[in-house]
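Enquirer: Next come a sequence and a model predicted from it.
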2 protein chains.
Amino acid sequence: MSEKNNNEIESLTPENYHNWFTLYHLCQLLGNRRTIEITSKELGRLMKISQQTASRRINDLVDLNWIKRKKIGKIQKIVITEKGANLMLSTYKNLRKLLESIFIVGEVTEGMKEGGYYVAIKGYYDQFVEKLGFKPYKGTLNLKLNDMDKEILSEKMKTINPVVIEGFKDQSREYGPVLCYDVIISPFHDRKDEVKAAILDIERTHHEKNIIEILAEPYLRDRFKLKNGDKVILTLNNPGELSKNY
Amino acid sequence: MSEKNNNEIESLTPENYHNWFTLYHLCQLLGNRRTIEITSKELGRLMKISQQTASRRINDLVDLNWIKRKKIGKIQKIVITEKGANLMLSTYKNLRKLLESIFIVGEVTEGMKEGGYYVAIKGYYDQFVEKLGFKPYKGTLNLKLNDMDKEILSEKMKTINPVVIEGFKDQSREYGPVLCYDVIISPFHDRKDEVKAAILDIERTHHEKNIIEILAEPYLRDRFKLKNGDKVILTLNNPGELSKNY
DNA sequence: ATTACTAAGAAGCGAGTAG
DNA sequence: TCTACTCGCTTCTTAGTAA
């Protein structure tokens, strides 16, 4: 970790911002190949800079040992060096960490069965279907949140009108009311794959701090191919002051 | 995909490179918080630019609507906007795709059992232990490679001296020789977590094109918490001309 | 065709300083 | 203290053009 991140810290001074982006653009040209054939004119057009500057950029990257170049006649072939690859990798990793700070991220944890028991109870289930607008899978996905995410989520939930699932009574016992909060859930790696869901706020299942339960129509572990420890992004769809800002 | 990437393409012109990096630096300051308190002087020191330039950068980000800022007396509080967050996210996603072009990436697929049968045969197993230097798990991890990765890997393997596991005969049948290639395997998301492994080149298990079998001491699916479809990075440790370049 | 040098012009930086 | 303005100076960019 440290050595390769130091690499990034050293490399990413203001004078190297163009160089980083040049490498980024070059990498995008890789596609399935390992070597890039590009003229400085083309690179210039791609990066919206002049041919001359593009040429200079390529030279700079060679000097930095981020790429290697072979000139075969008029054509130059470029390969990314280990150093260049590691620079991209460390930026990738930093971005990953940093995105977890920006979004509300939950970590999938064990415990689908207990919550499911309550969901399946007819007195609740019919109300879920009617009031949430979907037929929930008879089990909940448990998510572990970090302290700050939990706090922010609670804060947001206060500003949102919950869907109220009313309590009821049968022969054996009394069932308390349940609050639901509309939410969009998506896997961390494909935020575009969104599923309408609800956060369950069941009084009696405050089993563990920072664990929330999610209700959705599909079995989310299959739908998103989740395993324990995988991360998902939660987005409250009631647009309050806060949600606009993230 | 398209709309948010267009967002990135529009935003990431040369004039915005500093702005992108400014946002990147600001995000790093988030930690567990949702709001950043920083003076322009501090940001300047962090980014190795003057206080004046840092101040200008913050203003630029506000103009771009990548951040929002509230000034409370002398202190300015910064939050990342949806637009800013999506910019970081789309860069993250692009980097992810692009890193798959740079490294040799295999996708975990079903099929651990068949290969394992051969590994466990005593005539082979004892040689594995002796010649590979580890006691392999009695099963193989099957990886699917894309065409280009497979081609590059084959090319690299030609330049490397394989570990030769000799064939033998027992009462019932004859077993052919097996070639192994030393390799380092690591999960895509933590390239630092490396495990010494070997690619098995068994004549008779050329079951499917672009599928390779990996032998390692631990049960890799547990060791790396892999499920089907997960990606791993392979690094041939015999440093030839090619491996130096990636 | 290419890449890349030179020189003029544009853009950006930070010191000084005001609010 | 802060942020952010002006302005001189430096650095970077591009057009022209050589190789």
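Expert: Perfect, thanks for sending it. Numbering: from 1, shown residues only, chains lettered A, B, ... in the order given.
Enquirer: Just the CA coordinates for the biggest helix by length in chain A, please, in PDB.
Expert: If you go by DSSP state H, chain A has its longest helix at helix A:82-102. The C-alpha trace of helix A:82-102 is given here as PDB (Å, rounded to 0.1, in the frame of the first residue of the first chain):
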ATOM      1  CA  GLU A  82       4.600  -1.100 -14.800                       C
ATOM      2  CA  LYS A  83       5.100   2.300 -13.200                       C
ATOM      3  CA  GLY A  84       2.300   3.800 -15.300                       C
ATOM      4  CA  ALA A  85       0.000   0.900 -14.600                       C
ATOM      5  CA  ASN A  86       0.600   1.200 -10.900                       C
ATOM      6  CA  LEU A  87      -0.100   4.900 -11.000                       C
ATOM      7  CA  MET A  88      -3.500   4.300 -12.600                       C
ATOM      8  CA  LEU A  89      -4.100   1.500 -10.100                       C
ATOM      9  CA  SER A  90      -3.400   3.600  -7.100                       C
ATOM     10  CA  THR A  91      -5.700   6.300  -8.300                       C
ATOM     11  CA  TYR A  92      -8.400   3.700  -8.900                       C
ATOM     12  CA  LYS A  93      -8.000   2.500  -5.400                       C
ATOM     13  CA  ASN A  94      -8.100   5.900  -3.900                       C
ATOM     14  CA  LEU A  95     -11.200   6.800  -5.800                       C
ATOM     15  CA  ARG A  96     -12.800   3.600  -4.600                       C
ATOM     16  CA  LYS A  97     -12.100   4.500  -1.000                       C
ATOM     17  CA  LEU A  98     -13.200   8.000  -1.500                       C
ATOM     18  CA  LEU A  99     -16.500   7.100  -3.200                       C
ATOM     19  CA  GLU A 100     -17.400   5.200   0.000                       C
ATOM     20  CA  SER A 101     -17.200   8.500   1.800                       C
ATOM     21  CA  ILE A 102     -19.400  10.300  -0.700                       C
END
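Enquirer: Show me what that helix is packed against.
Expert: Identification of packing neighbours for helix A:82-102 by 3 or more C-beta pairs under 8 Å, 6 or more residues apart in numbering or on different chains; DSSP states H and E yields helix A:2-11, helix A:17-28, helix B:17-28, helix B:82-102. Glycine gets a C-beta too; all of them are placed from N, C-alpha and C.
Enquirer: Name the residues of the longest one that come out as buried.
Expert: It refers to helix B:82-102. Under the neighbour-count criterion of 16 or more other C-beta atoms under 10 Å in any protein chain shown, helix B:82-102 has B:84-96, B:98-102 buried.
Enquirer: try the second one
Expert: Of the residues in helix A:17-28, those buried by neighbour count under the rule 16+ other C-beta under 10 Å are A:Tyr17, A:His18, A:Asn19, A:Trp20, A:Phe21, A:Thr22, A:Leu23, A:Tyr24, A:His25, A:Leu26, A:Cys27.
Enquirer: which ones are touching the first one?
Expert: A:Tyr17 is in contact with B:Tyr17, B:His18, B:Trp20, B:Phe21, counting by C-beta atoms under 8 Å, 6 or more residues apart in numbering or on different chains.
Enquirer: quick one on the thing from earlier: work out the gap between the longest helix of chain A and the centre of the chain.
Expert: From the chain centre to the centre of helix A:82-102 is a distance of 14 Å (C-alpha atoms, centre = their mean, to the nearest Å).
Enquirer: The helix or strand harbouring A:Val62 vs DNA strand C: in contact?
Expert: In the assignment (DSSP states H and E), A:Val62 maps to helix A:51-64. Yes - contact of helix A:51-64 with DNA strand C (C-beta under 7 Å from any atom of the strand) involves A:Gln51, A:Gln52, A:Ser55, A:Arg56, A:Ile58, A:Asn59.
Enquirer: Equivalent analysis for stretch A:24-40, please.
Expert: Yes - Stretch A:24-40 reaches DNA strand C (C-beta under 7 Å from any atom of the strand) through A:Thr39, A:Ser40.
Enquirer: Which residues in that stretch does the neighbour count mark as buried?
Expert: Applying 16+ other C-beta under 10 Å to stretch A:24-40 flags A:Tyr24, A:His25, A:Leu26, A:Cys27, A:Leu29, A:Leu30, A:Arg34, A:Ile36, A:Ile38, A:Ser40 as buried.
Enquirer: mind giving me TSV with those residues and columns for distance to A:Tyr175 and pLDDT?
Expert: Below are the buried residues of stretch A:24-40 laid out as TSV (distance: C-beta to C-beta, whole Å; pLDDT from 0 to 100):
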residue	distance to A:Tyr175	pLDDT
A:Tyr24	56	96
A:His25	59	94
A:Leu26	61	94
A:Cys27	56	93
A:Leu29	60	89
A:Leu30	58	85
A:Arg34	62	74
A:Ile36	64	90
A:Ile38	66	92
A:Ser40	72	91
